[in-house]
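**Student:** sharing a sequence plus its predicted fold:
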Amino acid sequence: MSNDRNGDPAEASQPEAPERQSNFIRDTILQDIANGKHGGRVHTRFPPEPNGYLHIGHAKSICLNYGLAQEFGGKFNLRFDDTNPTKEETEYVDSIIEDVRWLGADWEDRLFYASDYFPQLYEYALLLIRKGKAYVCDLTAEQIREYRGTLTEPGTESPWRNRSVEENLDLLERMKAGEFPDGTRTLRTKADMASANLNLRDPIMYRILHAEHHRTGNTWCIYPMYDFTHGQCDSIEGITHSICTLEFEDHRPLYDWYIQELGIFAPQQLEFDRLNLTYTLLSKRKLLALVQDNHVTGWDDPRMPTLSGIRRRGYTAEAMRTFCSRIGVSKTNGMVELGLLEHAVREDLNQRALRVMAVLNPLRVVIDNYPEGRTELMECVNNPEDASAGTREVPFSKTLYIEQDDFREDPPKHFYRLSPGREVRLRYGYLVTCTSVVKNEKGEVVEVHCSYDPATRGGNTPDGRKVKSTIHWVSAEHAIEAEVRLYENLFLTEDPNDSSRGQEWTENLNPKSLEVVAHPKLEPSLKHAKAGTSYQFERLGYFCLDRDATPDKPIFNRTLGLRDSYAKIDKAKAKK
RNA sequence: UGGGAGGUCGUCUAAUGGUAAGACUGCGGCCUCUGGAGCCGCGUAUCGGGGUUCGAGUCCCUGCCUCCCAGCCA
């Protein structure tokens, strides 16, 4: 076996088929295909409720469902589970469509809504009534709860359970016609009030809701419950594998019951674990609260784990897909480390980001022996990982800005950057040596003076001498103004839901999750930064133009910092 | 104390009765005009106790722990 990694470039550029990780769902499908189940057909779907924006957890489901359909030459549907008009909005529908598309999942012409099936669902309900398997119940919500029993005690049957088929038919018709106010009656399944599975204790099929639906308007005033909708929708669409999350495991017997009583196509439901991510909240309810209580600026705030948020933050769809395939699928309740996501993002951005120089905390540097008024254009590589990205010219002059962190008057051990008497390389510029510093009244260094070596133009060392450090810079007179937004985790605790000390989850919020750098100094090429392009501010991190930017004032979001091994030693020392 | 589902390195996931593997993290080294990237190496795991078997993470029994379910939400 050869260790030579610089072999045939054609071979090196072969796109490696992504190693498909085995998982129990894929195994099941493989087996079903082998057994000729559904004629070897594979049809999956992603069924969101349009009551909020999609987040990273949904990405896992989308990638799983779409990935499986793709791998086995099957089909993938997008279907909105819109059975609760009081919580659902068109805004959410639109954002979900955009997000699923962004992730790269293709539903072709199969965009559906559960509400498309309302008439069919109603027919199913009539059928169950006729079969004596459903009844109209006059119990109030509170009474239904009491009759339901508890986890350890069986429920008791509703006094309305044995109405005649005719009466049930009549009552349902009148419920549908709007004769009764909200909450006065329900249509219930006649199942088993003594079942150990609470979902089988005569679950509600229809409730009265005089509410306008985002698609059906005021056509209906009774709406089917999710449990009476989801399985049949999958059936109608011919979904072979209904993949959902663990909490629906208990509902499967009910779905199967409906399917069997109705005598319709039977999809197979498979349940997997939903994603939990450290330092991240993935609950629509709580994300909505963050938005409504203005803890963030909106659903697409770059600190949000929503797909629109991370997209605005600069995460790529490619990185999301990689992440989703790496975390795998199982039934264990785990918590994935945020670092795994961040690794996938860095890995992708490292390949594609254009390198530029930007100084966030400027410190003035004057090169005493550099000619006054002179400007040189230095050729800089745009992306060392991708030669086709080419080069650009960056102006160099007598007065520059460097990062405050890159200078220490009294350098600690392992600090290799600029300090009095020390020579460093200005990236693509010259080698400079610090000769003196200027301080303010408070004793802070406000300006650094250096001398440069004219023989080192471009940062080269013809004599072969080494410098320990290369730092970035921006020419003072050419620097452009901008705003840079630095993000930290939205939560301080690994588990944002942790309320072990009795505090509200909102108290786990990180007050410093957003830091605005009002006056950074950016290299002039960034004047023409493009939305949707990732930039690496060298030695700092990955950034992208925010949608708040204007032609006069670019605004950049920090997607993610670069790994920083000096920061690591620094931190390790601080701990000791 | 009902029902359902789970428990493999610090984390996530494989191993489908036959050498417990990979990724992330961590640590060490090499390399470098980004302390970036890359490369090399090291480390750590089958929840406990019994049993079946030539052989058990896998099968059986038993104990422990975790998650989900009592919405006219999905």
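**Tutor:** Sure thing, it's come through. Computed from a prediction, not measured in an experiment: that's the story for all the values here.
**Student:** show me the contact partners of whichever helix or strand A:Asn65 is part of.
**Tutor:** Using DSSP states H and E, A:Asn65 maps to helix A:56-71. Residues outside helix A:56-71 that contact it (Cβ atoms under 8 Å, 6 or more residues apart in numbering): A:20, A:25-26, A:29, A:42-46, A:48, A:54, A:74-76, A:99-100, A:103-106, A:241, A:243, A:245, A:272, A:274-275, A:277, A:280, A:282, A:305, A:307, A:310, A:320-321, A:323-325, A:327, A:329, A:341. From N, CA and C alone the C-beta is placed, and that goes for glycine too.
**Student:** touching RNA strand B at all, that helix?
**Tutor:** No - against RNA strand B, helix A:56-71 shows no contacts by Cβ under 7 Å from any atom of the strand, the least distance being 10.2 Å.
**Student:** for A:Arg312, give its distance to RNA strand B.
**Tutor:** 22 Å (Cβ to the nearest atom of the strand, to the nearest Å).
**Student:** assign that residue to helix, strand or coil.
**Tutor:** helix (DSSP: H, G, I helix; E, B strand; the rest coil).
**Student:** count the residues that sit near it.
**Tutor:** A:Arg312 has 22 neighbours, counted by other Cβ atoms under 10 Å.
**Student:** next: A:Pro454.
**Tutor:** There are 10 residues near A:Pro454, going by other Cβ under 10 Å.
**Student:** which non-adjacent residue is nearest it?
**Tutor:** A:Tyr430 (7.4 Å; Cβ to Cβ, 6 or more residues apart in numbering).
**Student:** surely that neighbour meets A:Thr461?
**Tutor:** No - A:Tyr430 lies out of contact with A:Thr461 (Cβ atoms under 8 Å); the separation is 10.3 Å.
**Student:** who's more crowded, these two?
**Tutor:** A:Tyr430 (23 against 14).
**Student:** thinking again about what came up before, tell me the buried residues in the helix holding A:Asn65?
**Tutor:** A:56-70 (16 or more other Cβ atoms under 10 Å).
**Student:** if we can go back for a sec, which among the contacts of helix A:56-71 end up buried?
**Tutor:** In the contacts of helix A:56-71, the ones that pass as buried (16+ other Cβ under 10 Å) are A:25-26, A:29, A:42-46, A:48, A:54, A:74-76, A:99-100, A:103, A:105, A:241, A:243, A:272, A:274-275, A:277, A:280, A:282, A:305, A:307, A:310, A:320-321, A:323-325, A:327, A:329, A:341.
**Student:** give me the subset of these lying in strands.
**Tutor:** A:43-46, A:75-76, A:241, A:243, A:272 (DSSP state E).
**Student:** tabulate those (a markdown table), appending pLDDT.
**Tutor:** Converted to a markdown table, these look like this (pLDDT from 0 to 100):
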| residue | pLDDT |
| --- | --- |
| A:His43 | 98 |
| A:Thr44 | 98 |
| A:Arg45 | 98 |
| A:Phe46 | 98 |
| A:Lys75 | 98 |
| A:Phe76 | 98 |
| A:His241 | 98 |
| A:Ile243 | 98 |
| A:Phe272 | 98 |
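**Student:** and the residues you listed, which is closest to RNA strand B?
**Tutor:** Using Cβ to the nearest atom of the strand, A:Phe272 comes nearest to RNA strand B of those, at 8.6 Å.
**Student:** correct me, but that closest one touches A:Ile243?
**Tutor:** Yes - if you go by Cβ under 8 Å, A:Phe272 and A:Ile243 touch, sitting 6.6 Å apart.
**Student:** gap between A:Lys573 and RNA strand B?
**Tutor:** For A:Lys573 relative to RNA strand B (Cβ to the nearest atom of the strand), the value is 11 Å.
**Student:** by mean pLDDT, which helix or strand of chain A comes out lowest?
**Tutor:** helix A:9-12 (a mean of 30; mean pLDDT, DSSP states H and E).
**Student:** and the helices in the stretch 251-400 of chain A?
**Tutor:** A:252-262, A:284-292, A:307-313, A:317-327, A:338-352 (DSSP state H, counting those that start in this stretch).
**Student:** highest mean neighbour count out of the ones you listed?
**Tutor:** Counting by mean count of other Cβ atoms under 10 Å, helix A:307-313 has the highest mean neighbour count of the helices of the stretch 251-400 of chain A, with a mean of 23.
**Student:** how about the residues of the stretch 51-200 of chain A that lie near RNA strand B?
**Tutor:** A:51, A:81, A:83-84, A:87, A:139-141, A:144-145, A:148, A:150-152, A:182-186, A:196-199.
**Student:** can you check the stretch 351-500 of chain A too?
**Tutor:** Looking at RNA strand B, the residues of the stretch 351-500 of chain A close enough under Cβ under 7 Å from any atom of the strand are A:355, A:384-385, A:414-417, A:425, A:427-428, A:458-460, A:469-472.
**Student:** just the residues you listed: which are in strands?
**Tutor:** Using DSSP E, A:355, A:425, A:470-471 are the members of those that sit in strands.
**Student:** want to throw these into TSV with neighbour count?
**Tutor:** Below are these laid out as TSV (neighbours: other Cβ atoms under 10 Å):
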residue	neighbour count
A:Arg355	19
A:Arg425	20
A:Thr470	18
A:Ile471	24
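**Student:** list just the nearest of those residues to RNA strand B.
**Tutor:** A:Thr470 (3.8 Å).
**Student:** mind listing what that closest one touches?
**Tutor:** Counted by Cβ under 8 Å, 6+ apart, A:Thr470 has contacts A:424-427, A:459.
**Student:** so where do the helices sit in the stretch 451-576 of chain A?
**Tutor:** Using DSSP H, counting those that start in this stretch, helices in the stretch 451-576 of chain A cover A:565-575.
**Student:** can you count the residues close to the closest residue to A:Met335 other than its chain neighbours?
**Tutor:** Excluding its sequence neighbours, the residue lying closest to A:Met335 (Cβ to Cβ, 6+ apart) is A:Asn276, at 4.5 Å. Neighbour count of A:Asn276, defined by other Cβ under 10 Å: 15.
**Student:** and the contacts of stretch A:494-514?
**Tutor:** Residues outside stretch A:494-514 that contact it (Cβ under 8 Å, 6+ apart): A:278-281, A:283, A:286, A:289, A:293, A:295, A:303, A:335, A:485-493.
**Student:** how about stretch A:373-391?
**Tutor:** So stretch A:373-391 is in contact with A:350-355, A:357, A:392-398, A:427-429, A:457-458, A:475, A:477-478, going by Cβ under 8 Å, 6+ apart.
**Student:** cutoff 7 Å now
**Tutor:** Residues from elsewhere that reach stretch A:373-391 (Cβ atoms under 7 Å, 6 or more residues apart in numbering): A:350-351, A:353-355, A:392-398, A:428-429, A:458.
**Student:** can you check stretch A:84-95 too?
**Tutor:** A:49-53, A:80, A:82, A:209, A:211-214, A:223, A:308.
**Student:** A:Ser469 is in contact with A:Leu426, correct?
**Tutor:** No - with contact defined as Cβ atoms under 7 Å, A:Leu426 does not reach A:Ser469; the gap is 10.3 Å.
**Student:** ok, the two, which is more surrounded?
**Tutor:** Remark: of A:Leu426 and A:Ser469, A:Leu426 carries more neighbours, 24 against 14, as counted by other Cβ under 10 Å.
**Student:** how about the more buried one: what's its closest non-neighbour residue?
**Tutor:** Using Cβ to Cβ, 6+ apart, the nearest residue to A:Leu426 is A:Trp473, at 4.9 Å.
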